[in-house]
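Asks: Output the structure for:
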Amino acid sequence: MRKNPFKAKTILEDISFDIWPGESLGILGRNGSGKSTLLRIIAGILRPQRGQVSIRGTIAPILAIGAGLELELTGYENIKLLLAIHGLPASQDIITEIKNFSELDHQTLSMPVKCYSSGMIARLAFSISFSNNCDILIIDEVLAVGDQGFQAKCLHKIFEIKKTGKSIIFVSHFPDEVNKICNKALLLENGKIIHSGNVSEVCNQYSQLF
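Replies: You can find the predicted model right below:
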């Protein structure tokens with residue numbers, strides 16, 4: 001009889017926190033601490049075996065470079081597809097807004113996404129997500145992709161979203177980014193929250209892990 005080579009592993013344990021409208025929560029932690037798994041549970045991509053997630057409002061997740069994009073479709077086709085999935089009209093005004101924010105030209109957006117560089121994919125993914133009038137924006141470690149100009153543009157857009165009273169959940173390996181964007185934070189280690197609350201204190205404790 002063949003033995004099962006796989007063993008069950010607990011990724012997250014005793015995780016509990018609240019985020020309210022207008023708040024920005026930063027999540028820090030070393031690789032393998034459970035950050036991305038936590039975001040996927042919040043976004044509804046994964047289902048927790050125990051516990052529950054209570055969400056009021058709509059979510060726009062940016063969980064990985066190109067997540068949700070169909071590589072065989074063109075940039076324009078992906079824009080229309082994802083707008084439809086989010087229940088938004090694919091009007092020419094919205095498409096033009098996404099095109100202008102991404103700074104990708106007509107020729108590039110007419111090409112299949114599989115021909116894009118990682119930076120171009122990030123530009124397209126960010127631009128589509130920012131066009132979604134969601135209540136909660138989830139960003140997972142993708143601001144480091146792309147040139148500094150576009151990173152600054154995305155940060156400016158995030159600050160604009162904050163001013164409208166939307167909620168933001170932001171994962172990063174860079175404490176400076178968390179300090180800029182978030183008004184509270186939590187630190188994960190081995191799937192558990194080891195510190196939460198004040199952003200500066202959480203960032204300092206994160207830095208001490210290395």
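
Asks: and residue 59, what are its phi and psi?
Replies: phi -120, psi 140 (degrees, to the nearest 10).

Asks: Can you give the distance of the lowest-mean-pLDDT helix or strand in the chain from its chain's centre?
Replies: Least confident element among the helices and strands of the chain, by mean pLDDT, DSSP states H and E: strand 59-62 (a mean of 78). How far strand 59-62 lies from its chain's middle: 6 Å, per CA atoms, centre = their mean, to the nearest Å.

Asks: Give me the residues contacting that strand.
Replies: 39, 42-45, 67, 86, 125-126, 129, 132, 134-140, 142 (CB atoms under 8 Å, 6 or more residues apart in numbering). C-beta coordinates here come from the backbone N, C-alpha and C atoms, glycine included.

Asks: ok, now stretch 164-179?
Replies: Counting by CB under 8 Å, 6+ apart, 19-28, 35-36, 39, 42, 57, 134-141, 143-144, 155, 158, 161-162, 181-182, 185, 199-200, 202-204, 206-207 sit against stretch 164-179.

Asks: Also stretch 33-47?
Replies: Here stretch 33-47 makes contact (CB under 8 Å, 6+ apart) with 11-12, 15, 27-29, 48, 53, 55, 59, 61, 63, 138, 140-141, 169, 171, 188-191.

Asks: What segments of the protein are helices?
Replies: With DSSP state H as the criterion, the chain has helices at 35-42, 75-85, 92-102, 106-109, 118-131, 148-163, 175-181, 199-207.

Asks: Now do the contacts for the residue nearest the centre of the chain.
Replies: Among the residues of the chain, the one closest to the centroid is residue 139, at 1.9 Å (CA atoms, centre = their mean). Residues in contact with residue 139, defined by CB under 8 Å, 6+ apart, are 62, 158, 168-171.

Asks: so how far is residue 124 from it?
Replies: Counting by CB to CB, to the nearest Å, the separation of residue 139 from residue 124 is 15 Å.

Asks: What of residue 113?
Replies: Taking CB to CB, one finds residue 113 at 7 Å from residue 124.

Asks: buried residues in stretch 85-105?
Replies: For stretch 85-105, burial by neighbour count (16 or more other CB atoms under 10 Å) applies to 86, 94-95, 98-99, 101-102, 104.

Asks: Looking at those residues, point me to the pair that's furthest apart.
Replies: Within the buried residues of stretch 85-105, 86 and 104 form the most distant pair, 19.5 Å apart (CB to CB).

Asks: thinking again about what came up before, what's the overlap in contacts for residue 113 and residue 124?
Replies: Joint contacts of residue 113 and residue 124 (CB under 8 Å, 6+ apart) are 69, 75, 78.

Asks: Any idea how many residues pack against the last one?
Replies: Same thing as residue 78. Close neighbours of residue 78, defined as other CB atoms under 10 Å, add up to 24.

Asks: Please tell me the pLDDT value assigned to it.
Replies: At residue 78, the model reports a pLDDT of 93.

Asks: Mind splitting this protein into its structural domains?
Replies: Using automatic domain parsing, the domain ranges for the chain come out as 22-46+134-210, 66-133.

Asks: could those domains go into JSON lines alongside distance to residue 7?
Replies: Shown next, in JSON lines, are the domains of the chain (distance: least, CB to CB, whole Å):
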{"stretch": "domain 22-46+134-210", "distance to residue 7": "15"}
{"stretch": "domain 66-133", "distance to residue 7": "28"}
